[in-house]
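Visitor: structure of the sequence below:
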Amino acid sequence: MARRPEDEYDYLFKVVLIGDSGVGKSNLLSRFTRNEFCLESKSTIGVEFATRTLKVEGKVIKAQIWDTAGQERYRAITSAYYRGAYGALLVYDVTKGTTFENVSRWLKELRDHADSNIVMMLVGNKTDLKHLRAVATEDAHAFAEREGLSFLETSALEATNVDTAFQTILAEIYRIISKKNLASAADAAASPATLREGKTIAVGASDGGAAARKPCCST
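Guide: Numbers count the residues shown, from 1 in each chain. Predicted coordinates for the structure are as follows:
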């Protein structure tokens, strides 16, 4: 069977990583997209992104993962990059309580700048540092439930739950996009006289059709 060219995909989904500086966003990105981890990684300046293509329910999904700098002075720059995002991982460091406390602020910023239907996941990183844990799993899980977020703990160093986190959020994005496409097809087939006003499901700045085969930035 002929191998599918790498630049062929059914959908492209932009996902942003947000959270305080030093929580491990860059290493989550490199672990997921290149299966690499760098102990000497430096703080991201501005924004970086990388891609990985994978299959979700038989469809080829190209994930474009954006690593937004956590430093305060870059927040005005990075806020523009929330636009067009279909998903977001809010990352904190399980060994630093302040990074978890600041998740509320990042969540507010995300809700202010991103599409209201963006898929969000809370991620507690650095679970390999068990002896330094400062944030209880139960507390983070309770926060996620209150805010309507999915939740996972990860270790970019040990590659624990990293693929699971990204695959879970991409599968949820695809489920919503698929449902929207099905609803659009049903609406198109219905008689105008039978259409009822309702709420349209929308994720990101563009609809499902635009997400398919249309990059959200030039590479």
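Visitor: return the list of helices and strands in contact with the helix ranked longest in the chain.
Guide: Taking DSSP state H as the criterion, the chain has its longest helix at helix 162-189. Counting contacts by 3 or more C-beta pairs under 8 Å, 6 or more residues apart in numbering; DSSP states H and E, helix 162-189 is packed against strand 11-18, helix 25-34, strand 47-56, strand 59-68, strand 87-93, strand 119-125, strand 150-153, helix 208-211. (Each C-beta comes from the backbone N, C-alpha and C, glycine too.)
Visitor: what angle do helix 25-34 and the fifth one make with each other?
Guide: It refers to strand 87-93. With axes from the mean of the first three to the mean of the last three C-alpha atoms, to 10 degrees as the basis, strand 87-93 and helix 25-34 are set at 130 degrees to each other.
Visitor: Asn102 and Arg133: what is the separation?
Guide: For Asn102, the distance to Arg133 equals 17 Å [C-beta to C-beta, to the nearest Å].
Visitor: likewise for Thr168?
Guide: Distance of Thr168 to Arg133, given as C-beta to C-beta: 23 Å.
Visitor: what pLDDT, on average, does stretch 14-28 get?
Guide: The pLDDT scores in stretch 14-28 average 93.
Visitor: not counting its neighbours along the chain, what's nearest Glu158?
Guide: Distance criterion C-beta to C-beta, 6 or more residues apart in numbering; nearest residue to Glu158, sequence neighbours excluded, is Asp128 at 5.0 Å.
Visitor: now that neighbour: how far from Leu89?
Guide: The separation that Asp128 has from Leu89, given C-beta to C-beta, amounts to 18 Å.
Visitor: all good on my end, thank you.
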